[in-house]
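S.K.: coords please:
(one chain, ligands or ions: 2)
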Amino acid sequence: MRLILLGPPGSGKGTQAHRLIEEYKIPQLSTGDMLREAAVAGTETGIHAKTIMDAGKLVSDDVVNKIVSDRIDEPDCTNGFILDGYPRTLTQADAVEEMLAGKGVQLDAVVELRVDDEVLVERVAGRYTCINCGTGYHDTLNKPKKDGACDNCGGTEFKRRPDDNADAMRTRLQVYYKDTSPLIGYYYAKRKLKPVDGMAEIDDVSREIHSVLDFD
Ligand code: ADP
Ligand code: ZN
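M.R.: Ligands and ions are numbered 1, 2, ... in the order given. Reported below is the predicted structural model:
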């Protein structure tokens with residue numbers, strides 16, 4: 001199963017990716033994590049990316065594409081992968097098509113999580129993740145069963161992203177609608193798009209994703 005999760009910040013990509021990993025036993029490829037891993041591993045591209053990131057700049061498409069391509073060649077991606085937060089632009093989407101074609105594989109589906117803007121702001125402003133295992137929570141919408149302890153691993157340390165506030169969200173949403181939302185049309189035209197109601201309860205969203213992924 002080769003999947004892309006597409007949707008604005010706060011639409012539930014991370015939450016659903018976490019569940020899909022278990023269900024399909026395939027890894028989630030987050031470009032931010034991959035860049036940091038490549039830097040730690042000391043690959044040529046990784047070292048190059050680290051210099052750029054340390055300077056606070058954006059890593060170029062070429063570098064991100066190369067890192068994703070190398071990652072997909074790892075043995076744990078043989079049965080598939082979930083791309084979350086990438087591609088973000090039409091240029092990157094073209095690069096993904098070309099890269100996968102070069103490897104003789106194809107995307108199975110692009111799951112688009114649809115959520116209204118007001119809800120996105122509410123979700124993002126209250127979210128935090130477990131430092132140990134990355135499971136995502138929310139102050140009011142998705143609390144751990146036991147206060148202050150991760151349901152998944154029991155961890156007690158959590159982190160919040162500095163750009164997860166209403167102010168930064170306005171800019172992030174504008175960037176999403178301008179640069180990333182054109183991918184909806186792009187994948188629709190390729191008959192890969194599977195829109196899902198991301199406003200539903202987390203379990204219901206999972207069920208809907210499951211049902212749209214059951215190919216005939
Ligand atoms: P993304 O990865 O798309 O930015 P997240 O998966 O981090 O989004 O979800 C954003 C926040 O909303 C998190 O705090 C998460 O716990 C919560 N959340 C995710 N999906 C739902 C949902 N269907 N209903 C309510 N809250 C949700
Ligand atoms: Zn945890």
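
S.K.: and stretch 132-152, which residues are buried?
M.R.: 134, 135, 136, 137, 138, 142, 144, 150 (16 or more other C-beta atoms under 10 Å). Quick note: C-beta positions are derived from backbone N, CA and C, even for glycine.

S.K.: quick one: contacts for the fourth one?
M.R.: Put plainly, it is residue 137. Going by C-beta atoms under 8 Å, 6 or more residues apart in numbering, residue 137 touches 127, 128, 129, 130, 143, 144, 150, 158.

S.K.: what's the pLDDT at it?
M.R.: Note on residue 137: pLDDT of 95.

S.K.: can you verify it is assigned to a helix?
M.R.: No - under DSSP: H, G, I helix; E, B strand; the rest coil, residue 137 sits outside any helix and is assigned strand.

S.K.: how far away is it from ligand 2?
M.R.: Residue 137 is 9 Å from ligand 2, where distance means C-beta to the ion, to the nearest Å.

S.K.: ok, what's across the strand from that residue?
M.R.: For residue 137, the beta-bridge partners are residue 128 (DSSP bridges).

S.K.: quick check: phi and psi at the residue nearest the centre of the chain.
M.R.: For the chain, residue 84 is the residue whose C-alpha lies nearest the centre (C-alpha atoms, centre = their mean; 1.9 Å). Recorded main-chain torsions at residue 84 are phi -130, psi 110, according to degrees, to the nearest 10.

S.K.: got it, and residue 141?
M.R.: Torsion angles, degrees, to the nearest 10, at residue 141: phi -80, psi -20.

S.K.: wait, it sits on residue 120?
M.R.: No - between residue 141 and residue 120 there is no contact under C-beta atoms under 8 Å: 11.8 Å.
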